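K.L.:
quick one: sequence and predicted model below, then my questions.
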Amino acid sequence: MSDIRLFNYDDDEVTGGLRSLYAAPSGDAYWNELEARIMARVADVDIGWWTELDRWVRPALAAAAVLLIAAGIAMFRAHQVENEIAADSMLSSPAVPVSSAVRPSLDDDRSARIRYLFGCSSQDASCSAPNSKR
Amino acid sequence: MRVDTGHASMTAVFAATTLELPFRMPSPSTSGDARADERALVVAAQRGESEAFASLVRQHQRRAYAVCRAIVLTHEDAEDAVQEGFLHAFKALDRFLPDQPFGAWLYRIMANASLDLVRRRKVRDADELPDTVPMPFRDPGESDELRRRLNQALTKLSERQRAVIVLHDVEGFTHGEIGGMLGIPEGTARSDLHHARAALRRLLQDVRSDL
């Protein structure tokens, strides 16, 4: 009685029982059919548009990363050039002459008033001196 | 009849299988020529040659079935897991490095597909479990009573213990290989095997008197 012998607490007997329980199907026909089913499912997957999309995910991600890095570098360079121009403009000579920035002296005002009162023209050399008398 | 499904231990298995372990397991045929042939097939399949992938399926489907069958409860589930596993492998083929053993990579995928299936079944059957224990694939020559008794004893083990004892004692995988497939340390696989054998011995002890 093989059934009785199986329960003889012997590991070999238990292992034998396990092997009979978990025995894979025998016969090539079964495996050929399983292979055909697997390949049919694989073929279905292959024609799906997402498969093609999946193939492009990695290159697309790599390209996006390269573009991001390039854009970052370009922005950094542009910012750097702006800073250089600003620094150069600050260090270069001012566009407005220094003389115009100086407040006219009181003497100049006074002589202008005298010239006006005495009718001196600006071309008259004798009137040019602030204290000149006619 | 309620069946102890060992939920906590399977949760640990699922958590462990998400880790990418440095897994090295020899494929069924590890001789130099066979490895070279297999490598050529893998490269051809990666180029999109479906006949090459079909050859890989032909070479590995029996072993893949054995791996799945050790983890799931029924022959039908094992078939589903094998198909899912090969589908996953096909989709991930471009990420496989041909210098690595293809079998090790494939069986890990098979184990994960089987564990996913077990998890889905568990969620589906969470509210109500079937009254009968699912029977494995039947060899018509075997006694129904023998199968029933041993199968009942197996359902008392946790999924991981059952998977380890079947993969080791029936399929001949080493502890390291089993650890790699299930995402557990080799020592844990060894310990699971020890506890599973002890549990089966204990569970089958009183069966003889029933017969």
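P.N.:
Sure thing, it's come through.

K.L.:
going forward, measure contacts and count neighbours with C-alpha atoms only.
P.N.:
Fine.

K.L.:
what helices or strands is the biggest helix by length in chain A leaning on?
P.N.:
Counting residues, the longest helix found in chain A (DSSP state H) is helix A:49-91. Packing contacts for helix A:49-91, counted by 3 or more C-alpha pairs under 8 Å, 6 or more residues apart in numbering or on different chains; DSSP states H and E, involve no helix or strand.

K.L.:
name the helix or strand for B:Ala89, please.
P.N.:
helix B:75-91 (DSSP states H and E).

K.L.:
contacts for that helix?
P.N.:
Residues outside helix B:75-91 that contact it (C-alpha atoms under 8 Å, 6 or more residues apart in numbering or on different chains) are A:37-38, A:41-42, B:53, B:57, B:61, B:64-65, B:68-69, B:72, B:106, B:109-110, B:112-114, B:117, B:136-137.

K.L.:
tell me the buried residues in that helix?
P.N.:
By 16 or more other C-alpha atoms under 10 Å in any protein chain shown, the buried positions in helix B:75-91 come out as B:75, B:77-91.

K.L.:
in PyMOL, select just the buried ones from the contacts of helix B:75-91.
P.N.:
PyMOL command restricting the contacts of helix B:75-91 to the buried ones, with burial defined by 16+ other C-alpha under 10 Å:
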select buried, (chain A and resi 38+42) or (chain B and resi 53+57+61+64+65+68+69+72+106+109+110+112+113+114+117+136+137)
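
K.L.:
next step: the contacts of helix B:75-91 restricted to helices.
P.N.:
A:37-38, A:41-42, B:53, B:57, B:61, B:64-65, B:68-69, B:106, B:109-110, B:112-114, B:117.

K.L.:
ok so, going back, closest one of the buried residues of helix B:75-91 to B:Lys122?
P.N.:
Checking the buried residues of helix B:75-91 against B:Lys122 by C-alpha to C-alpha gives B:Asp77 as the nearest, at 12.6 Å.

K.L.:
the closest one and chain A, how far apart?
P.N.:
13 Å (C-alpha to the nearest C-alpha, to the nearest Å).

K.L.:
tell me the pLDDT at that residue?
P.N.:
B:Asp77 carries a pLDDT value of 93.

K.L.:
do the same with B:Lys122
P.N.:
77.

K.L.:
can you count the residues close to it?
P.N.:
When neighbours are counted by other C-alpha atoms under 10 Å in any protein chain shown, B:Lys122 registers 15.

K.L.:
separation between it and chain A?
P.N.:
The gap separating B:Lys122 from chain A is 21 Å, by C-alpha to the nearest C-alpha.

K.L.:
can you check B:Leu157 too?
P.N.:
In terms of C-alpha to the nearest C-alpha, B:Leu157 sits 13 Å off from chain A.

K.L.:
hmm, the helix or strand harbouring B:Ile165 touching chain A?
P.N.:
Secondary structure from DSSP H and E places B:Ile165 in helix B:159-165. No: with C-alpha under 8 Å from any C-alpha of the partner chain as the criterion, chain A is not reached by helix B:159-165; the gap is at least 8.9 Å.

K.L.:
what is that helix packed up against?
P.N.:
Contacts defined by 3+ C-alpha pairs under 8 Å, 6+ apart place helix B:159-165 against helix B:7-17, helix B:50-71, helix B:186-205.

K.L.:
so which of the ones you listed is the most packed in?
P.N.:
Most buried of the helices and strands packed on helix B:159-165 by mean neighbour count (mean count of other C-alpha atoms under 10 Å in any protein chain shown) is helix B:50-71; its value is a mean of 21.

K.L.:
what's the spacing between that helix and its chain's center?
P.N.:
Averaging C-alpha coordinates over helix B:50-71 and over its chain gives two centres that are 12 Å apart (C-alpha atoms, centre = their mean, to the nearest Å).

K.L.:
need the contact partners of that helix.
P.N.:
Under C-alpha under 8 Å, 6+ apart, the answer for helix B:50-71 is A:22, A:24, A:31, A:35, A:39, B:38, B:41-42, B:44-45, B:75, B:77-79, B:81-82, B:86, B:90, B:103, B:106-107, B:110-111, B:113-115, B:118, B:159-160, B:162-164, B:166-167, B:171.

K.L.:
C-alpha coordinates for it, CSV please?
P.N.:
As requested, the backbone C-alpha atoms of helix B:50-71 are provided in CSV (Å, rounded to 0.1, in the frame of the first residue of the first chain):
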residue,chain,number,x,y,z
SER,B,50,10.3,36.3,-32.2
GLU,B,51,11.6,32.8,-33.1
ALA,B,52,14.5,33.3,-30.8
PHE,B,53,12.2,34.2,-28.0
ALA,B,54,10.1,31.2,-28.8
SER,B,55,13.2,29.0,-28.4
LEU,B,56,13.9,30.6,-25.0
VAL,B,57,10.3,29.8,-24.0
ARG,B,58,10.7,26.2,-25.2
GLN,B,59,13.9,25.8,-23.2
HIS,B,60,12.6,27.3,-20.0
GLN,B,61,8.9,26.8,-19.8
ARG,B,62,9.0,23.5,-17.8
ARG,B,63,11.4,24.9,-15.2
ALA,B,64,9.4,28.1,-15.1
TYR,B,65,6.2,26.1,-14.6
ALA,B,66,7.8,24.3,-11.7
VAL,B,67,8.8,27.6,-10.0
CYS,B,68,5.3,29.0,-10.4
ARG,B,69,3.7,25.8,-9.3
ALA,B,70,5.7,25.8,-6.1
ILE,B,71,4.3,29.2,-5.2
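
K.L.:
good, wrapping up.
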